[in-house]
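Engineer: I'd like to go over a predicted model; first the sequence, then the structure.
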Amino acid sequence: MAGTTLLDGGFTAPVFQSQAAFRLVMDAMAQPGRIVDLGHAVQPPAPLEPAAAAFLATLADYDTLVWFEDSGADTAASWLTFHTGAAVTRDPSMASYAVLSQNSPVSSWRNFAMGSLSYPDRSATLLLPVESLRDGTPLTVRGPGIETVAVISPRGLPDGFTETMAINVARFPQGFDLLMTCGSELLALPRTTRLVET
Amino acid sequence: MRNPSLPAYNFAYLDEQTKRMIRRAILKAIAIPGYQVPFASREMPMPYGWGTGGVQVTASILGPDDVLKVIDQGADDTTNAVSIRAFFAKVANVATTTRTADATIIQTRHRIPETPLAHGQIIVYQVPIPEPLRFLEPRETETRVMHALEEYGLVHVKLYEDIAQHGHIATTYAYPVKVEGRYVMDPSPIPKFDNPKMHRSPALQLFGAGREKRIYALPPFTDVVSLDFEDHPFTVQRFEARCALCNAQEVYLDEVITDDRGGRMFVCSDTDYCETRRSKGSQVGGLPQHGAAKADWEAAE
């Protein structure tokens, strides 16, 4: 249940809840394809989902700009700004974190910061909600963090997703890092993770 | 006036904004293995050179359920290890251990434990000079371009000069590695003996350099290749001696001078490994070996 006012729904014990959430996110990032459950420590207004909101409550602050794809996200944006101090931007190229919508048009992803060859870390992290992380078409992934291969099965990916991810990998060390979310669950596909044909 | 019901500092010492900044840097470091992410390093209540980078990384990832091990040159009982362990026991009230297998987070100064690290463990390296090109090119503006353009010829020239002067690659610690075929990385001043342990390690490896304000990382199962030449392949140092306390071989040994008449012995650098072996019954006399045993790097000189 979303908080009744903007003032509700943040971490109740920020030091320990954000540490726990960060360790799960770090696990997910270090082991691409692994699903972690961030729980319901935060109750955000729509369209923010619990996993994306927990991620932002853990990592966003006045040093990071956040961009929302959904034009009806004013309440969520206000909630985020109140709880984290993060400013919301209308310019996707400025965003550290981009909250996408389901079926986000992948052609617009090229507008996000990819970093430069000298500073590839100055790049966006995208939060993509999907219908499910578990019962979609299996995709095989390889790369650092994966011992041999891993299989992810997200359902509800945008059209052209695999092609866009292939371009992103080819751009290494520049590129964006993608987090797929569904409810309170999250999996990471950093720019090093390759989707391979099975 | 301080409210006595409030603690004097935050959990794990760092304030939350600092932790968030370091956590963001860690995530980008994991996403770009081997690339040095700049971060706003803070002053810590210990001098630069004592592991302020590693301490900041550990403080940012540490939780109340973690079990922390800290080693300095392989030993749990040296000044740096004892003081950092005591620091986190105080400011985070975290459980500590000396046993490698029991630790969830291992902060290290210049060794990787002999006991293979397991999936789920995190090793945090204290790094003095994170830039592998720094002694070849002092300007940060230049080394940054060299990394951007993957221009690593100078490193090979340095290794070649070793061969020209000494007949072999004489670099024995902080031996440069290439990560996933892209970034050349300083593995911190671990002996090159430990370099192969980084390759496809199941543990997450994080590197923090406090004075130089850089964080970098190796996710599990990342390719880490020590630089070499076809006709001068990378080799680690080998020891003819065995540990004088636990009789271990194929481990990294420290030479201990026992008297002023040339008496000395070689013992495991990894104290936990040595103690575990001895508790399982591997014992030798521990007598000084009078000049008899030589490490082969020494014999080669």
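Structural biologist: Ah, there it is.

Engineer: Please name the residues that touch the residue nearest the centre of chain A.
Structural biologist: Nearest residue to the geometric centre of chain A (Cα atoms, centre = their mean): residue A:127, 2.4 Å. By Cβ atoms under 8 Å, 6 or more residues apart in numbering or on different chains, the contact list for residue A:127 reads A:52, A:55, A:56, A:97, A:98, A:99, A:100, A:179, A:181. For glycine as for every other residue, the C-beta is placed from the backbone atoms N, C-alpha and C.

Engineer: Just give me the closest of those to residue A:63.
Structural biologist: residue A:97 (11.2 Å; Cβ to Cβ).

Engineer: wait, doesn't that closest one sit right on residue A:61?
Structural biologist: No: in this structure, residue A:97 is not within contact of residue A:61 by Cβ atoms under 8 Å, at 10.9 Å.

Engineer: Look through chain A and tell me its longest helix.
Structural biologist: With secondary structure taken from DSSP state H, chain A has its longest helix at helix A:14-30.

Engineer: Could I get the buried residue list for it?
Structural biologist: Residues of helix A:14-30 classed as buried: A:15, A:17-30 (neighbour count, 16 or more other Cβ atoms under 10 Å in any protein chain shown).

Engineer: Burial check on residue A:5, number of neighbours?
Structural biologist: Residue A:5 is flanked by 10 other residues according to other Cβ atoms under 10 Å in any protein chain shown.

Engineer: From residue A:49, how far off is it?
Structural biologist: Computed as Cβ to Cβ, to the nearest Å, the residue A:5 to residue A:49 distance reads 19 Å.

Engineer: cool, residue B:229 as well?
Structural biologist: 52 Å.

Engineer: Give me the more crowded residue out of these two.
Structural biologist: Taking other Cβ under 10 Å, residue B:229 and residue A:49 do not tie; residue A:49 has more neighbours (21 against 12).

Engineer: Go ahead and confirm that one touches residue A:179.
Structural biologist: No: between residue A:49 and residue A:179 there is no contact under Cβ under 8 Å: 11.1 Å.

Engineer: Give me the residue ranges of the chain where confidence is low.
Structural biologist: Using chain A. Along chain A, the parts satisfying pLDDT under 70 run over A:1-4, A:198.

Engineer: that's the wrong chain, I meant chain B
Structural biologist: In chain B, residues with pLDDT under 70: B:1-2, B:285-301.

Engineer: That one: helices as residue ranges?
Structural biologist: Using DSSP H, the helices found in chain B span residues B:16-31, B:52-61, B:79-91, B:140-148, B:153-166, B:195-198, B:271-279, B:296-299.

Engineer: mind exporting the third one as CSV, just the C-alpha atoms?
Structural biologist: Taking C-alpha atoms only, helix B:79-91 is exported to CSV below (Å, rounded to 0.1, in the frame of the first residue of the first chain):
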residue,chain,number,x,y,z
THR,B,79,49.8,-3.5,14.1
ASN,B,80,47.8,-2.5,11.0
ALA,B,81,45.5,-5.5,11.2
VAL,B,82,45.0,-5.3,14.9
SER,B,83,44.1,-1.6,14.8
ILE,B,84,41.7,-1.8,11.9
ARG,B,85,40.0,-4.9,13.4
ALA,B,86,39.6,-3.0,16.7
PHE,B,87,38.3,0.0,14.8
PHE,B,88,35.5,-1.9,13.3
ALA,B,89,34.8,-3.9,16.4
LYS,B,90,34.3,-0.5,18.1
VAL,B,91,32.5,1.6,15.5
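
Engineer: Next, the buried residues of it.
Structural biologist: B:80, B:81, B:84, B:85, B:87, B:88, B:91.

Engineer: Of the residues you listed, just say which sits nearest to residue B:105.
Structural biologist: Nearest to residue B:105 among those: residue B:88, at 9.2 Å, using Cβ to Cβ.

Engineer: for chain B, what are the nearby residues on chain A?
Structural biologist: Contact residues (Cβ under 8 Å from any Cβ of the partner chain) of chain A with chain B: A:14-16, A:18-20, A:22-23, A:25-26, A:29-31, A:58-61, A:63-64, A:96, A:116-121, A:123, A:125, A:144-147, A:172-173, A:177, A:190-192.

Engineer: circling back to that earlier point, could you export the buried residues of helix B:79-91 to a markdown table, including columns for distance to residue B:163?
Structural biologist: Supplementary listing: those in a markdown table, determined by distance: Cβ to Cβ, whole Å:
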| residue | distance to residue B:163 |
| --- | --- |
| B:80 | 34 |
| B:81 | 36 |
| B:84 | 38 |
| B:85 | 41 |
| B:87 | 43 |
| B:88 | 43 |
| B:91 | 48 |
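
Engineer: Turn those residues into CSV, including distance to chain A.
Structural biologist: Output for the buried residues of helix B:79-91, formatted as CSV (distance: Cβ to the nearest Cβ, whole Å):
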residue, distance to chain A
B:80, 25
B:81, 24
B:84, 19
B:85, 19
B:87, 17
B:88, 14
B:91, 12
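
Engineer: which among those gets closest to residue B:114?
Structural biologist: Nearest to residue B:114 among those, with distances taken as Cβ to Cβ, is residue B:81, at 15.8 Å.

Engineer: pretty sure residue B:72 contacts residue B:81?
Structural biologist: Yes: with contact defined as Cβ under 8 Å, residue B:72 reaches residue B:81; the gap is 4.1 Å.

Engineer: what touches both of the two?
Structural biologist: Residues touching both residue B:72 and residue B:81 (Cβ under 8 Å, 6+ apart): residue B:109.

Engineer: starting at the chain centroid, how far to stretch A:149-164?
Structural biologist: Chain-centre distance of stretch A:149-164: 14 Å, with Cα atoms, centre = their mean, to the nearest Å.

Engineer: What's the end-to-end length of it?
Structural biologist: 20 Å (Cα to Cα, to the nearest Å).

Engineer: likewise stretch B:249-259?
Structural biologist: End-to-end distance of stretch B:249-259 (Cα to Cα): 24 Å.

Engineer: Stretch A:80-100 now?
Structural biologist: 15 Å.

Engineer: buried stuff in that stretch?
Structural biologist: Neighbour-count burial for stretch A:80-100, with 16+ other Cβ under 10 Å as criterion, is recorded at A:80-81, A:83-84, A:86-89, A:92, A:95-100.

Engineer: and which of these is nearest to chain B?
Structural biologist: For the buried residues of stretch A:80-100, the minimum distance to chain B (Cβ to the nearest Cβ) is 7.7 Å, reached by residue A:96.

Engineer: Please report the distance of that closest one from residue A:108.
Structural biologist: Residue A:96 sits 17 Å away from residue A:108, taking Cβ to Cβ as the criterion.

Engineer: Same question for residue B:206.
Structural biologist: 33 Å.

Engineer: Between these two, which is the more surrounded one?
Structural biologist: Neighbour tally, residue B:206 and residue A:108, criterion other Cβ under 10 Å: the higher count belongs to residue B:206, 27 against 12.

Engineer: show me what contacts that one?
Structural biologist: Applying Cβ under 8 Å, 6+ apart, the residues contacting residue B:206 are B:26, B:29, B:57, B:61, B:122, B:123, B:124, B:125, B:215, B:216, B:217.

Engineer: For the buried residues of stretch A:80-100, work out which two are farthest apart.
Structural biologist: Between any two of those, the greatest separation by Cβ to Cβ is 22.3 Å, found for A:83 and A:92.

Engineer: Next up, the contacts around residue A:97.
Structural biologist: Residue A:97 makes contact with A:55-56, A:59-60, A:64-67, A:86, A:124-127, according to Cβ under 8 Å, 6+ apart.
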